[in-house]
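Student: return atomic coordinates for the entry below.
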Amino acid sequence: MTHRALVPSADLTAAIPDHPGVRSDRLDAAIRSLQQEVRRLDRLGLDHARLECRRQLRYWQFVRALFRLEAPALRQRGTR
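Tutor: I've put the predicted structure just below:
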């Protein structure tokens, strides 16, 4: 089953940037947008859509955590 992004910044078909700063901005934007959408859907009482939005939010938080783990490992090896 394919899911469409509930907010444009969380589009799974868009590339994640290579540059760490731009990548961090992209991931943070997706997470902030989804957090706002969760609140909006909660106010509207749209439980199914809110649950899907929270699922997408967890995914993007996981991706951001993975990239944050990668950065210290690269610095330890002397690569930036």
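Student: from now on I want contacts and neighbour counts done on CA atoms only, so please keep to that.
Tutor: OK.
Student: spit out the contact partners of the closest residue to L27 other than its chain neighbours.
Tutor: Nearest residue to L27 in three dimensions, chain neighbours excluded: R64, at 6.1 Å (CA to CA, 6 or more residues apart in numbering). By CA atoms under 8 Å, 6 or more residues apart in numbering, the contact set of R64 is 24, 27-28.
Student: can you put these in CSV and add pLDDT, distance to L69 and secondary structure?
Tutor: Listed next are the contacts of R64 as CSV, based on pLDDT from 0 to 100; distance: CA to CA, whole Å; DSSP: H, G, I helix; E, B strand; the rest coil:
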residue, pLDDT, distance to L69, secondary structure
S24, 94, 12, helix
L27, 97, 14, helix
D28, 97, 15, helix
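Student: now those as CSV including distance to I16 and neighbour count?
Tutor: Converted to CSV, the contacts of R64 look like this (distance: CA to CA, whole Å; neighbours: other CA atoms under 10 Å):
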residue, distance to I16, neighbour count
S24, 9, 17
L27, 8, 21
D28, 12, 17
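Student: tell me the secondary structure for the residue nearest to L27?
Tutor: helix (DSSP: H, G, I helix; E, B strand; the rest coil).
Student: model confidence over whatever helix or strand R54 lives in, on average?
Tutor: For R54, the host element (DSSP states H and E) is helix 47-76. If you average the pLDDT over helix 47-76, you get 87.
Student: OK, contacts around the residue sitting nearest the centre point of the chain?
Tutor: Note on the chain: the residue nearest the mean C-alpha position is W60, at 2.7 Å, using CA atoms, centre = their mean. Counting by CA under 8 Å, 6+ apart, W60 touches 10, 27, 30-31.
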